[in-house]
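Asker: give me a 3D structure for the following:
(one chain, ligands or ions: 1)
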Amino acid sequence: MTFDSLNLMPQLLENVKRSGYEEPTPIQRATIPLVLSGRDVLGCAQTGTGKTAAFALPMLQCLSRRPRRAGEPRVIRALILTPTRELAQQIYDNFVLYGRRLPVTCAVIYGGVGQQSQVDALHRGADVVIACPGRLWDLMNQGYVRLDFVETFVLDEADRMLDMGFIHDVRRIAQRLPDRHQTLLFSATMPPEVEKLAMDLLCDPETVKVDPVSSTVQAIDQCLYYVDKANKKHLLAHLLSQSDVENALVFSRTKHGADKIVRELKKAGIDSCAIHGDKSQNARQAALNRFKSGECKVLVATDIAARGIDIAGLSHVINYDMPMEPEAYVHRIGRTGRAGREGKAISFCCIDEIKQLGQVEKLIKKNLREEKSDWPMEVLTPSEPKKPQPRPARVDRQGNAQAERRPRQSLPLAGQPITIGRDGRMKASPKPAPKPAAKATPLARPVQRVNRHRNQAGKKS
Ligand code: AMP
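Answerer: Sure, this is the predicted structure:
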């Protein structure tokens, strides 16, 4: 199938050709005709499948077929909500690319930067607004945004909206849309809350399913190194210096960890930059630009900051830390092997991450291929869970230490036995402590797990 058979207008076909796309991806084939016909769509699609063009191309066509008449005020006719700033910027860039020489203007709105340039863009008039929910809601409350004339509403990465706590903002924003509008909802996974949201927002939708999240892209070569936590930095520096690494996106579980990896790589003479939520938006964009332009070949990121980032021709994804949620593994490695290209995904697993590894392998329904290195896993005892830090002393406005507050006394429930304490206060009698559940010895599973992999590797060789 070619783009010509999708009933797209000549200018759009030319723009698609200029983007280097030869044929539509499965999600584009399924979604473009539905959006053109005005249907609501529930899209279950993995990142990197060409989802943005699947909704952007038909939307641009509908908007330019019914352009604003001269003298009419420029109102927002399409709204796209997306969870992260990088993704918002990326979708905006795609709209500009696909909408070349079409009478459609776009604006992008996200937090972390000053609002004035965004307000100015809205005043100039934008047919399409691509926004993160928090800043959009803020601007709506300041009276800068009205959604009364929105014809198409797109909710992108709905599952991440949920994870990132944006779902209330999304619902509040959706309530301000006019009664009649088309809605397109995309999500990589469909947890019950997203299904509920879809039922509330969509009207008789057509469902489009492409590559569920548990099926990782075929073109990605996935492997695993068992390595002690302290040696991950050495293994990373070693792998990054291999000739097949053109560029690499390294995932860290925490923001602090991402900065630490950058420092360690610097010591090893490798230039890298980090993006995470503690960096200003400008610093994040600058790091991303350096990476995309090839000036810096290693980008270290946390899951949230890297969500949906599209890097053309990314050769390697490295999971420096195993993800806490198995679905994040699929999102992470989906940055490489995009649009039919090959890619490599490497995961590091220390003894504390055996459980997460098991969850990932269960989700993707296969065991990751084990590779050996000069830094084999030697520590087989999981580390102790961190003790909670003592709370800092409470101080008053003058900086004087204050007495600790007494824990609030709970009132007895109806029917609960009452005792009178030494202080004469009434207390609910404590319930007998529940019996501790029988537990397996903490070491048994990880060691079995590591042994299983070692034995398998031994059998193969
Ligand atoms: P997306 O899933 O929208 O983030 O797109 C992932 C990548 O696929 C982007 O780099 C797009 O430029 C690229 N892409 C989108 N559609 C096509 C297509 N039909 N053929 C080749 N590449 C595409």
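Asker: verify the stated contact: residue 316 with residue 243.
Answerer: No. Residue 316 is beyond contact range of residue 243, at 12.0 Å (criterion: C-beta atoms under 8 Å). C-beta coordinates here come from the backbone N, C-alpha and C atoms, glycine included.
Asker: okay, those two: which has more neighbours?
Answerer: Taking neighbours as other C-beta atoms under 10 Å, residue 316 and residue 243 compare with residue 316 leading, 24 against 5.
Asker: excluding chain neighbours, what is closest to the more buried one?
Answerer: residue 248 (4.0 Å; C-beta to C-beta, 6 or more residues apart in numbering).
Asker: got a list of what that neighbour touches?
Answerer: With contact taken as C-beta atoms under 8 Å, 6 or more residues apart in numbering, residue 248 is in contact with 240, 297-299, 314-318.
Asker: do the same with residue 10
Answerer: Contacts of residue 10 (C-beta under 8 Å, 6+ apart): none.
Asker: now do the end-to-end distance for stretch 16-30.
Answerer: Its start and end residues considered, stretch 16-30 measures 17 Å (C-alpha to C-alpha, to the nearest Å).
Asker: shift numbering so it begins at 20
Answerer: OK, 20 is where the count begins now, so the last one is stretch 35-49.
Asker: quick check: mean pLDDT across that stretch?
Answerer: Across stretch 35-49, the average pLDDT comes to 93.
Asker: repeat that for stretch 318-331.
Answerer: Mean predicted lDDT for stretch 318-331 stands at 81.
Asker: repeat for stretch 220-230
Answerer: Averaging pLDDT along stretch 220-230 gives 90.
Asker: contacts only, for the residue nearest the centre of the chain.
Answerer: The centre of the chain sits closest to residue 326, judged by C-alpha atoms, centre = their mean, with a distance of 3.1 Å. Residues near residue 326 by C-beta under 8 Å, 6+ apart: 102-103, 105-106, 176, 179, 350.
Asker: and residue 73, by the same measure?
Answerer: Contact analysis of residue 73 by C-beta under 8 Å, 6+ apart lists 44, 46-47, 49-51, 54, 62, 64.
Asker: filter those by proximity to the ligand?
Answerer: With C-beta under 6 Å from any ligand atom as the criterion, the contacts of residue 73 include 44, 47 near the ligand.
Asker: the ligand: which of the contacts of residue 73 is nearest?
Answerer: Nearest to the ligand, judged by C-beta to the nearest ligand atom, of the contacts of residue 73 is residue 44 at 4.7 Å.
Asker: how about the closest one: what's its closest non-neighbour residue?
Answerer: In space, residue 44 is closest to residue 69, 3.6 Å off (C-beta to C-beta, 6+ apart).
Asker: swap in residue 255?
Answerer: Take residue 255 and drop its neighbours on the chain: the residue closest to it by C-beta to C-beta, 6+ apart is residue 339, 6.3 Å away.
Asker: next, count neighbours for that neighbour.
Answerer: Residue 339 has 21 neighbours, counted by other C-beta under 10 Å.
Asker: quick revisit: go through the contacts of residue 267 and flag which are in strands.
Answerer: Of those, the ones assigned to strands by DSSP state E are 317-318, 335-337.
Asker: output those residues in JSON lines; the columns should cover distance to the ligand.
Answerer: Listed next are those as JSON lines, based on distance: C-beta to the nearest ligand atom, whole Å:
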{"residue": "317", "distance to the ligand": "20"}
{"residue": "318", "distance to the ligand": "16"}
{"residue": "335", "distance to the ligand": "17"}
{"residue": "336", "distance to the ligand": "14"}
{"residue": "337", "distance to the ligand": "20"}
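Asker: and of the residues you listed, the nearest to residue 211?
Answerer: Relative to residue 211, the closest of the ones in strands among the contacts of residue 267 is residue 336; by C-beta to C-beta it sits at 29.2 Å.
Asker: how much space is there between the residue nearest to residue 255 and the ligand?
Answerer: Per C-beta to the nearest ligand atom, to the nearest Å, residue 339 is found 23 Å from the ligand.
Asker: which pair in the contacts of residue 73 spans the largest distance?
Answerer: Top of the distance list for the contacts of residue 73 (C-beta to C-beta): 44 and 54, 14.6 Å.
Asker: which of these two has more residues huddled nearby?
Answerer: Counted by other C-beta under 10 Å, residue 44 and residue 54 do not tie: residue 54 has more neighbours, with 24 against 19.
Asker: pretty sure that one sits against residue 62.
Answerer: No. With contacts defined as C-beta under 8 Å, residue 54 does not count as touching residue 62, sitting 9.9 Å away.
Asker: any shared contact partners between these two?
Answerer: Counting by C-beta under 8 Å, 6+ apart, the common neighbours of residue 54 and residue 62 are 73-74, 203.
Asker: save those as TSV, and put in distance to residue 365, pLDDT and secondary structure too.
Answerer: Putting the shared contacts of residue 54 and residue 62 into TSV (distance: C-beta to C-beta, whole Å; pLDDT from 0 to 100; DSSP: H, G, I helix; E, B strand; the rest coil) gives the following:
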residue	distance to residue 365	pLDDT	secondary structure
73	30	97	helix
74	32	97	helix
203	35	98	strand
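Asker: related to what we said a few turns ago, the residue nearest to residue 255 and residue 271 touch, don't they?
Answerer: Yes. With contact defined as C-beta under 8 Å, residue 339 reaches residue 271; the gap is 5.4 Å.
Asker: how about the strands in the stretch 70-219 of the chain?
Answerer: Here the stretch 70-219 of the chain has its strands, by DSSP state E, counting those that start in this stretch, at 97-100, 125-128, 147-150, 171-174, 201-206.
Asker: and the stretch 320-469 of the chain, by the same measure?
Answerer: Assigned by DSSP E, counting those that start in this stretch, the stretch 320-469 of the chain shows strands spanning 335-338, 362-368, 388-389, 437-439, 445-447.
Asker: does the second one reach the ligand?
Answerer: No. In this structure, strand 362-368 remains apart from the ligand according to C-beta under 6 Å from any ligand atom; the gap is never smaller than 12.2 Å.
Asker: so what does that strand touch, helix or strand wise?
Answerer: Strand 362-368 sits against strand 239-245, helix 251-259, strand 335-338, helix 345-352, helix 373-383, with contacts defined as 3 or more C-beta pairs under 8 Å, 6 or more residues apart in numbering; DSSP states H and E.
Asker: quick one: mean pLDDT for it?
Answerer: When pLDDT is averaged along strand 362-368, the result is 95.
Asker: likewise for the third one?
Answerer: Mean per-residue pLDDT for strand 388-389: 96.
Asker: for it, enumerate the helices and strands it packs against.
Answerer: If you count contacts as 3+ C-beta pairs under 8 Å, 6+ apart, strand 388-389 packs onto strand 239-245, helix 463-479.
Asker: can you list the strands that that strand pairs with?
Answerer: strand 239-245 (parallel) (DSSP bridges).
Asker: no more questions from me, cheers.
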